[in-house]
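Participant: need a 3D model of the sequence below.
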Amino acid sequence: MKKGLIALAGFAVLIPVLSGCGGTEVKRMDATDVKDISGHWNDTDSRLVAEEMIHDCLSRPWLSNFGSKQPTVIVGTVRNKSNEHIATDTFVEDLQRELINSGKVQFVASKGERGDVRDERLDQDTNASDETRKANGQESGADFVLSGTISEIQDSEGGKTVVLYQTNLKLLNMTTNQIAWNGEKKIKKFVQRSKAGW
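Facilitator: Numbering: from 1, shown residues only. Presented below is the predicted three-dimensional model:
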């Protein structure tokens, strides 16, 4: 009987110790802090690639060759050709932000955003006054469309991985289909995973 009580008391002491191993800790970070945990494409990669590629794009001759008027640009599709999930919508937003904030181009809303605005204009046709109603057929057409791909190459062995992300973007003239700019940005990461764990 005594041995049974001692065993139960020991088990009762052990339970809080084991349950303490699985706690969750959360620390707030600045949104611009760089923190690579998995080695996968992340928010920092998206932001830095967008900044560098748009800076390169806007420093090339196509912009000055266009003339005195600011060209109107739209970001088309950026395809994820990598083996991992990449939030291309976030990357497209980063590209748009860099283009708009440069002040060097005018920008046209995406296909989805244009659809929402067109629905609003249809609603105005029925419900808004003549003085405030916005007419259809007044949209600005894009002069150029920016689109591209994100690809990935991995080389792995023994818990070590080298991963290369390659982003290719092209700026196409909407009238002539000529490629006005072709840009490339590579990010290479070395990831070493610990074999120990419990």
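Participant: tell me the contacts of residue 186?
Facilitator: Taking Cβ atoms under 8 Å, 6 or more residues apart in numbering, we find residue 186 in contact with 164-167. (C-beta placed from N, C-alpha, C; glycine too.)
Participant: so which of those sit within strands?
Facilitator: 164-167 (DSSP state E).
Participant: closest to residue 140 out of these?
Facilitator: residue 167 (27.4 Å; Cβ to Cβ).
Participant: strands along the protein, start to end?
Facilitator: Counting by DSSP E, the strands of the chain are 72-80, 106-107, 144-157, 160-173, 179-192.
Participant: can you pull out the helices in the protein?
Facilitator: Ranges of helices in the chain, per DSSP state H, are 2-19, 43-58, 61-65, 88-102, 111-127.
Participant: center of the protein - which residue?
Facilitator: residue 91 (2.3 Å; Cα atoms, centre = their mean).
Participant: what pLDDT is listed against residue 28?
Facilitator: Looking at residue 28, its pLDDT reads 71.
Participant: residue 114 and residue 142, how far apart?
Facilitator: 11 Å (Cβ to Cβ, to the nearest Å).
Participant: joint contacts of these two?
Facilitator: With Cβ under 8 Å, 6+ apart as the test, residue 114 and residue 142 both reach residue 108.
Participant: when the two are compared, which one has more neighbours?
Facilitator: residue 142 (20 against 13; other Cβ atoms under 10 Å).
Participant: count of neighbours near the nearest residue to that one once chain neighbours are set aside?
Facilitator: Distances taken as Cβ to Cβ, 6 or more residues apart in numbering place residue 74 nearest to residue 142, at 4.1 Å, with adjacent residues excluded. Other residues near residue 74 number 21, with proximity taken as other Cβ under 10 Å.
Participant: which ones are touching residue 74?
Facilitator: So residue 74 contacts 107-110, 142, 144-146 (Cβ under 8 Å, 6+ apart).
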